[in-house]
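>>> Sequence first, predicted coordinates after that:
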Amino acid sequence: MKKTNTNAFVSQMLVYSLLLIGLAGAGGMTAVWQRQAIAATAGRIKQLEQQAAETDRRQAGVTAAVAAEQTLDALNRRNQHWMLGLAQVRENQIVRVDGQPERRLAAKRNAEILAGRAAPPPALDRNTSRPAAPPAPPQARYALGGAR
């Protein structure tokens, strides 16, 4: 009778078992690493959401402060405190425009272009680089100031 060598089979089984354990360990480490990366990303998302909420709260506070300063009482108080001498607009100073002002202004501009004459460019104030104030407005205009 011939005896079989079981040492070779055991050696192969041992190598394959160690290889399987190593692969399982690497898979486990990969899973742990992915969970850690997911947790870090979730923490960063939470931090960004908190920053966005804080920004929204600050914006709401600034909007409320601006709305409070734009009330008629606040404007009158600032007018008196800073001695600006501004007067409230009277009804006869208001010119009501029917329709959409954008279309009316576009039609006026197009009429000037189609008539062959270009509209003059707006004059700029050299100190502020903004459009210069128009010369002496007619009586029925929007009033920014007036006599005390």
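Arrived safely, thanks for sending.
>>> Give the residue spans of this protein that score low on pLDDT.
1-6, 116-148 (pLDDT under 70).
>>> Which parts of it belong to which domain?
10-70, 85-114 (automatic domain parsing).
>>> can you put those domains in TSV and add distance to residue 77 and mean neighbour count?
C-beta here means a position set from N, CA and C on the backbone, and glycine is covered the same way. Shown next, in TSV, are the domains of the chain (distance: least, CB to CB, whole Å; neighbours: other CB atoms under 10 Å):
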stretch	distance to residue 77	mean neighbour count
domain 10-70	10	10
domain 85-114	12	10
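>>> would you turn these into JSON lines with distance to residue 78?
Formatted as JSON lines, these follow (distance: least, CB to CB, whole Å):
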{"stretch": "domain 10-70", "distance to residue 78": "8"}
{"stretch": "domain 85-114", "distance to residue 78": "9"}
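>>> Nearest to residue 79, out of those?
With CB to CB, the closest approach to residue 79 among those belongs to domain 85-114: 5.0 Å.
>>> Please tell me how far that closest one is from the chain's geometric centre.
31 Å (CA atoms, centre = their mean, to the nearest Å).
>>> Where do the helices of this protein begin and end?
Along the chain, the segments classed as helices by DSSP state H run 6-69, 72-81, 101-114.
>>> Can I get those in JSON lines including distance to residue 91?
As requested, the helices of the chain are exported to JSON lines (distance: least, CB to CB, whole Å):
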{"stretch": "helix 6-69", "distance to residue 91": "25"}
{"stretch": "helix 72-81", "distance to residue 91": "15"}
{"stretch": "helix 101-114", "distance to residue 91": "20"}
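>>> and of these, who's closest to residue 93?
That would be, of these and by CB to CB, helix 72-81, which comes in at 16.5 Å.
>>> Identify the residues contacting the closest one?
With CB atoms under 8 Å, 6 or more residues apart in numbering as the test, helix 72-81 has contacts from 68, 69, 84, 85, 86.
>>> what do you get if the cut-off is 7 Å, keeping everything else the same?
68, 86 (CB atoms under 7 Å, 6 or more residues apart in numbering).
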